[in-house]
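1. heads up, no residue letters with this:
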């Protein structure tokens, strides 16, 4: 074998785990195949958050087999025992190893790549990231929550934190290799340090104090964990971007109770108000599940009202689909599919309106754009508030450009660069 390919599905944490697999395979001497090349080894880094995600994974495997009949197939990542059986059923000889079992994965790779010798343990190789501007920095794994719709705690286990020294060393290595934005992530990021005596609001300033040209972005946080100490730690550091992703899931208290979410709508909105008081220029994004069992018309209207009041810059809308092995999958009060589709469309329209209003408020302000690619019309990058920006002129990938927002085109901010780089 000489060439390999990896397909990552799912969240930022799963993507990070995929980079560990990619680094391990490189140490066996394989090189990553280009899009035009046929791999000898294909790895699916699977997602298990929904039944639909598992079906998507099986479809990807079948497609890869059709396109590359001679390659070896490996599935790893998040999966339940039933998911594993479903993947094995795709074809004989398929190697399936849950992502948590790194020793078993190493043994499987050694078996497939006979004669090659790998390093003793997988370690993240920053050079394996395909986007040379942003990298994920996993500080925590696992979750102790019991949300009725989520299977991930049973797959990834309880919450556990990495040692701060290891996190800082990895972050320094990523910065030294040219990454300009580190996305601090975890399955339950806000629980970082509960098992080690550390805290996220102490880790963030330590990361921000590292030398180099970079910025930090915090991944998803539960609303009860975005406290004043964390907001101040982020606000007072020029390196931490003013953007928080805080899942709402539903704006109805009855649905939240059925989801086993540990807050009410009022508590959520009060915390959002406090956050804006401490950091007025912050951008907030969220997740909302539409059509959870028992969600009636009134409950959905409550969600629309909550989204409107919170003033999110972006809402990620997820139509509910039952996940085998979760409590919610046994709930009988299912929302009919036509109703679910209508509600999703309404929330998407509201999101588009609120996102447009947020973008228009940014006209005339300055932003810091991390350039990711060049086009014939300018350079495209990501602002600190997680907005896509087109900056006039050609700028090198991986550089920061301070620019003034002059207009909005669909979901893209249009900006003019100021003199000099940030």
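-> Sure thing, it's come through. In this text the structure is predicted, and so the values were computed from the model without any measurement.
2. CA only for contacts and neighbour counts going forward, please
-> Will do.
3. tell me what the strand or helix carrying residue 82 is packed against?
-> Per DSSP states H and E: residue 82 is located in helix 81-88. Contacts defined by 3 or more Cα pairs under 8 Å, 6 or more residues apart in numbering; DSSP states H and E place helix 81-88 against strand 95-96.
4. Of all the residues in the very next helix or strand once past the strand it packs on, which ones are buried?
-> Downstream of strand 95-96, the first helix or strand assigned by DSSP H and E is helix 102-112. For helix 102-112, the neighbour count (16 or more other Cα atoms under 10 Å) marks 102, 105, 106, 109, 110, 112 as buried.
5. Pull the distance from stretch 96-116 to the chain's centre.
-> Distance of stretch 96-116 from its chain centroid, counting by Cα atoms, centre = their mean, to the nearest Å, is 26 Å.
6. Sorry, wrong one. I was asking about stretch 351-359.
-> Centroid displacement of stretch 351-359 relative to its chain, using Cα atoms, centre = their mean, is 22 Å.
7. Return the set of buried residues in that stretch.
-> The neighbour-count criterion (16+ other Cα under 10 Å) identifies 351, 352, 354, 355, 356, 358, 359 as the buried residues of stretch 351-359.
8. How about stretch 365-380?
-> Residues of stretch 365-380 classed as buried: 366, 367, 368, 369, 370, 371, 372, 373, 374, 378, 379, 380 (neighbour count, 16+ other Cα under 10 Å).
9. tell me which element the residue nearest to the first one when sequence neighbours are not counted is part of?
-> Spatial nearest neighbour of residue 366, chain neighbours left out: residue 404 (4.3 Å); criterion: Cα to Cα, 6 or more residues apart in numbering. Residue 404 is part of strand 400-409 when elements are defined by DSSP H and E.
10. need the next SSE after that strand, C-terminal direction.
-> strand 412-421.
11. just the helices in the stretch 301-422 of the chain please.
-> Counting by DSSP state H, counting those that start in this stretch, the stretch 301-422 of the chain has helices at residues 337-361.
12. on that earlier part again, run through who's touching the strand holding residue 404.
-> The contact list for strand 400-409, computed with Cα atoms under 8 Å, 6 or more residues apart in numbering, reads 359-360, 362-371, 391, 395, 413-422.
13. Buried residues of that strand, list them for me.
-> Using 16+ other Cα under 10 Å as the test for burial, strand 400-409 gives 400, 401, 402, 403, 404, 405, 406, 407, 408.
14. Dump the residues you listed into TSV; add distance to residue 38 as well.
-> As requested, the buried residues of strand 400-409 are arranged in TSV below (distance: Cα to Cα, whole Å):
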residue	distance to residue 38
400	36
401	38
402	41
403	42
404	44
405	43
406	45
407	43
408	41
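15. Distance check, the closest residue to residue 362 other than its chain neighbours against residue 324.
-> Leaving aside its sequence neighbours, residue 362 sits nearest to residue 405 (Cα to Cα, 6+ apart; 6.6 Å). Applying Cα to Cα, to the nearest Å, the value for residue 405 to residue 324 is 46 Å.
16. With residue 381 instead?
-> Relative to residue 324, residue 381 is positioned 39 Å away (Cα to Cα).
17. okay, these two: which has more neighbours?
-> Each of residue 381 and residue 324 has its neighbours counted (other Cα atoms under 10 Å); residue 381 has more, 28 against 18.
18. distance of the residue nearest to residue 362 from residue 82?
-> Per Cα to Cα, residue 405 is found 50 Å from residue 82.
19. Look at the nearest residue to residue 315 once chain neighbours are set aside and tell me its secondary structure.
-> Excluding its sequence neighbours, the residue lying closest to residue 315 (Cα to Cα, 6+ apart) is residue 286, at 5.1 Å. Per DSSP: H, G, I helix; E, B strand; the rest coil, the secondary structure class of residue 286 is strand.
20. so what's residue 286 up against?
-> With contacts defined as Cα under 8 Å, 6+ apart, residue 286 is in contact with 245, 246, 247, 248, 249, 312, 314, 315, 316.
21. Thought residue 137 was touching residue 171, still the case?
-> Yes - here residue 171 reaches residue 137: they are 7.0 Å apart, a contact under Cα atoms under 8 Å.
22. what residues do the two have in common as contacts?
-> Shared contacts of residue 171 and residue 137, defined by Cα under 8 Å, 6+ apart, are found at residue 182.
23. Which parts of the stretch 1-150 of the chain are strands?
-> Listed in chain order, the strands of the stretch 1-150 of the chain (DSSP state E, counting those that start in this stretch) span 3-8, 31-32, 41-46, 72-77, 95-96, 134-141.
24. and the fifth one, what does it pack onto?
-> Applying 3+ Cα pairs under 8 Å, 6+ apart, one finds that strand 95-96 makes contact with strand 72-77, helix 81-88.
25. try 10 Å
-> The contact analysis (3 or more Cα pairs under 10 Å, 6 or more residues apart in numbering; DSSP states H and E) places strand 95-96 against strand 41-46, strand 72-77, helix 81-88, helix 102-112.
26. and of these, who's closest to residue 165?
-> Across the helices and strands packed on strand 95-96, residue 165 has its closest neighbour in helix 102-112 (21.6 Å, Cα to Cα).
27. quick one, domains of this protein?
-> Using automatic domain parsing, the domain parsing of the chain gives 3-112, 127-361, 366-421.
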